[in-house]
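Undergrad: Below are the sequence and a predicted model; questions follow.
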Amino acid sequence: MNYSLDIDSLDLSALDEKGKPVKTRLKDVQSALSIFHTLLRADEKSALNRARVDAMFDGAAPYDAAKLAASNQGMKTNLNFGEAQRILDISLSAYVDLYSSLERLVEVKGTAGERSKITEQEEIVAEELTHLLRSWPEFHSSYLRLCTTFIKHGVGVAYFDSPEDWRFRVGGFTDILIPRQTLASENAIDVAIGRRDYLLHELFAFIKNPEAAEKVGWNVEEVKRVIMKNVRTTGRGASNNGTLVDYEALQAELKNNDLYTGIQNPTVAVLHYWIREMDESVSHYISAESTPKDFLYKKISRYPSPEQAYVMFTYGVGSNGTYHSVRGLGNRIFSHIQTSNRLRCQQIDGAMLSSAIMIQPENQRSLDELQFTFYGSYAVMSPNIRIIEKAIPNLGTAVQPALQDLTQQLQLNTDTVSTYGPTQGSPYRNQMQISSDMDVATRLSGASLNLFYSSWHRLLREIVRRVVQSKKSDRAITDFYARCEARGVSKKFIQTLDVDRTRAVRSIGGGSMANRLMALRELQAISGQFDEVGRKNLTRDIVSTRVGHDLADRYAPVAEEERQTVDTKIAMLENNPLQSGAPVQVISSEMHGTHLQIHAPVLNQLIEQINTGAADPTQVMPILQAFYQHISEHVQFASGDPALAGIVGQTKQILQFTEEALNNTQKQMEKIQRDQQANPQEGGAPQVSPMELKLQEHQMKMQIAQQKAELDFQIKQKKFEQEQGFRDAKAALEFQE
């Protein structure tokens with residue numbers, strides 16, 4: 001039977017009959033309800049298969065107990081041995097490790113400020129975003145439900161109730177319907193319908209303020225009608241037989257958050273419609289599932305893109321690239337598990353039969369009078385009874401090979417069990433083999449991992465976008481900004497994040513502790529190429545893997561020092577020629593904030609020495625001039641970056657003091673020169689010939705050129721050593737792989 005959508009239910013054209021663009025493709029609530037019933041009928045067979053898979057995981061017996069009783073086989077062994085649930089738990093534990101092993105769930109990218117400062121602020125924001133997510137009480141359960149649905153049935157859905165709230169909900173094809181033959185992409189979904197149940201007081205909360213509710217898209221009168229239709233028993237608002245008398249009294253009870261009123265009444269079945277419009281935006285509609293007269297809620301183009309409304313998690317691409325062709329773990333192991341359960345039940349029946357004594361009464365009376373009389377270690381049976389010698393086949397030799405073959409097939413067909421392990425031999429038993437065997441049951445294949453992370457990236461990116469761009473009052477977001485502000489990251493910096501570059505942090509080892517330890521051990525082998533911060537981070541990761549992130553601070557605290565860059569070393573080397581009075585050129589691509597942090601303290605120290613009389617101004621004047629010129633050029637480049645406003649302001653103050661010292665020293669030298677010219681015979685410095693002055697100037701230039709050449713050589717040598725270290729590390733990693 002063809003369950004395609006009615007052509008009248010969705011307007012598939014981009015223009016109306018007058019040639020104007022249509023506002024929405026969904027005509028009315030009756031068309032929406034027709035689409036729902038069409039999708040529901042089309043999903044009946046798939047829903048039955050999902051129910052069978054869920055029953056298998058929930059421990060349903062392999063045989064129908066009623067049919068066994070009807071055929072006088074009620075005593076037959078009928079057990080589910082939990083093999084499917086064990087496989088699911090093993091697979092799920094790997095996905096739990098993907099986020100529980102991480103200190104930061106997301107990686108964000110800033111756009112304002114200097115790179116060295118941005119990196120530190122990005123890490124702080126990522127840590128606080130992770131804290132925001134983990135502080136949400138439903139995050140752990142929502143993540144587990146998402147992974148469970150994704151694994152069991154192949155498709156999981158994370159969706160949002162509104163464009164502002166960052167808290168997502170989880171569902172699957174059991175409660176979210178989409179058309180058959182829809183390609184596995186959010187942008188290919190024309191219509192998605194979610195089924196939800198609301199209590200009366202939950203539904204009333206949407207229209208508690210009627211004027212505000214109408215402005216955002218709620219149909220207040222339709223919501224009232226649905227509440228009145230579904231109310232059964234209330235307090236003051238009902239008569240003795242439960243018939244509604246006064247809506248005003250019911251409204252008063254609901255306003256007072258009366259739990260009795262909300263819970264004593266049946267839930268209201270509600271449908272959410274997400275309709276993709278021609279401009280790729282998504283409209284949101286809500287209606288009652290039973291006999292609706294109009295939409296409860298209507299907002300055209302509420303979501304700018306489908307990804308902002310829902311994110312689909314697919315366990316592959318299926319046989320033809322459509323959502324309904326994707327199969328999960330449950331479908332792949334269903335036949336094996338059912339057969340395995342029946343074989344085990346038969347094996348138990350055979351064992352019980354082979355261990356029993358076969359007795360044959362000669363007649364019905366002997367059967368009725370059958371009894372055993374015990375005399376110490378002897379037992380006397382009733383007369384007219386004889387024991388039957390039997391030859392029961394050994395079912396163990398027949399069943400065990402079949403069970404072993406089924407187990408091997410399960411190992412080959414699932415991504416959670418290796419084809420060999422501690423109980424199976426391997427031609428080699430080296431360190432890598434032993435480590436793999438330790439955690440062989442909790443690994444994830446690369447394909448499954450990449451498929452999950454592809455959707456997990458998009459979900460976390462949407463959550464971060466909502467947190468950063470939210471204008472709604474949210475206590476959790478307010479606390480997030482307050483924590484960032486306390487750690488030195490302003491709200492302005494957070495709001496300038498490049499949200500499109502937000503990524504989910506991948507877990508080392510791909511869900512396997514053994515693989516993570518092996519990867520960290522390989523990094524230890526090349527840790528000599530890391531800087532000090534990198535080595536400390538590696539040590540912390542190893543400790544965290546063993547004892548967890550909460551206890552890691554006891555042994556390997558987070559490195560607080562700022563990670564040094566090549567510019568730090570260059571700036572330190574530049575101080576040497578500057579302290580000898582030689583000028584050093586400034587390049588626009590340098591990290592000017594880092595250079596100011598290195599040069600400014602040295603210049604400030606010189607000013608203090610002059611003020612205290614520890615240094616002769618006339619002798620240090622060439623040094624002051626070199627530092628003044630060099631730092632002034634850095635300040636000019638750094639002034640255009642708002643993130644460097646603090647260091648630029650402090651440096652300008654030091655430059656002002658330097659300028660005063662230079663002017664005072666220049667005036668003092670001019671005064672000494674005038675005094676010498678006025679009294680040439682009264683001592684003073686000896687006269688220097690022009691030839692000697694030129695010789696001294698030439699020697700100074702040669703000295704400056706030599707120092708500059710040495711500085712350039714040191715800089716080039718440092719860059720070469722660093723690049724060589726990176727190449728050696730890369731070669732070592734490639735060799736290890």
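TA: Yep, it's here.
Undergrad: Please pull up the helix or strand immediately following the lowest-mean-pLDDT helix or strand in the chain.
TA: The weakest-scoring helix or strand in the chain, judged by mean pLDDT, DSSP states H and E, is helix 431-438 (a mean of 52). Using DSSP states H and E, the helix or strand that follows helix 431-438 in sequence is helix 446-469.
Undergrad: got the CA positions of that following helix in CSV?
TA: Provided in CSV are the C-alpha atoms of helix 446-469 (Å, rounded to 0.1, in the frame of the first residue of the first chain):
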residue,chain,number,x,y,z
GLY,A,446,35.7,4.2,13.6
ALA,A,447,32.5,4.3,11.4
SER,A,448,30.1,4.3,14.3
LEU,A,449,32.2,6.9,16.2
ASN,A,450,32.4,9.3,13.2
LEU,A,451,28.7,9.0,12.6
PHE,A,452,27.9,9.8,16.2
TYR,A,453,30.3,12.7,16.4
SER,A,454,29.0,14.2,13.1
SER,A,455,25.6,14.8,14.8
TRP,A,456,27.1,15.5,18.2
HIS,A,457,29.1,18.3,16.7
ARG,A,458,26.0,19.9,15.3
LEU,A,459,24.0,19.5,18.5
LEU,A,460,26.7,21.1,20.7
ARG,A,461,27.2,23.9,18.2
GLU,A,462,23.5,24.7,18.3
ILE,A,463,23.5,24.6,22.1
VAL,A,464,26.5,27.0,22.2
ARG,A,465,24.8,29.3,19.7
ARG,A,466,21.7,29.5,21.9
VAL,A,467,23.7,30.2,25.0
VAL,A,468,25.9,32.9,23.4
GLN,A,469,23.0,34.6,21.5
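Undergrad: Would you mark the buried spots in it?
TA: 448-449, 451-453, 455-468 (16 or more other CB atoms under 10 Å). No exception for glycine: its C-beta is placed from N, CA and C like everyone else's.
Undergrad: same deal with stretch 82-94?
TA: Under the neighbour-count criterion of 16+ other CB under 10 Å, stretch 82-94 has E83, A84, I87, L88, I90, S91, L92, A94 buried.
Undergrad: Using PDB, list the CA coordinates for it.
TA: Taking C-alpha atoms only, stretch 82-94 is exported to PDB below (Å, rounded to 0.1, in the frame of the first residue of the first chain):
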ATOM      1  CA  GLY A  82      19.900 -11.100  28.900                       C
ATOM      2  CA  GLU A  83      22.500 -11.500  26.200                       C
ATOM      3  CA  ALA A  84      21.000  -8.600  24.200                       C
ATOM      4  CA  GLN A  85      20.900  -6.300  27.200                       C
ATOM      5  CA  ARG A  86      24.600  -7.200  28.000                       C
ATOM      6  CA  ILE A  87      25.600  -6.200  24.400                       C
ATOM      7  CA  LEU A  88      23.600  -3.000  24.700                       C
ATOM      8  CA  ASP A  89      25.200  -2.200  28.100                       C
ATOM      9  CA  ILE A  90      28.700  -2.800  26.700                       C
ATOM     10  CA  SER A  91      28.000  -0.600  23.600                       C
ATOM     11  CA  LEU A  92      26.400   2.100  25.800                       C
ATOM     12  CA  SER A  93      29.400   2.200  28.200                       C
ATOM     13  CA  ALA A  94      31.600   3.200  25.300                       C
END
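Undergrad: Would you map the helices across the stretch 301-450 of the chain?
TA: 329-354, 364-368, 395-413, 431-438, 446-469 (DSSP state H, counting those that start in this stretch).
Undergrad: Much appreciated, bye for now.
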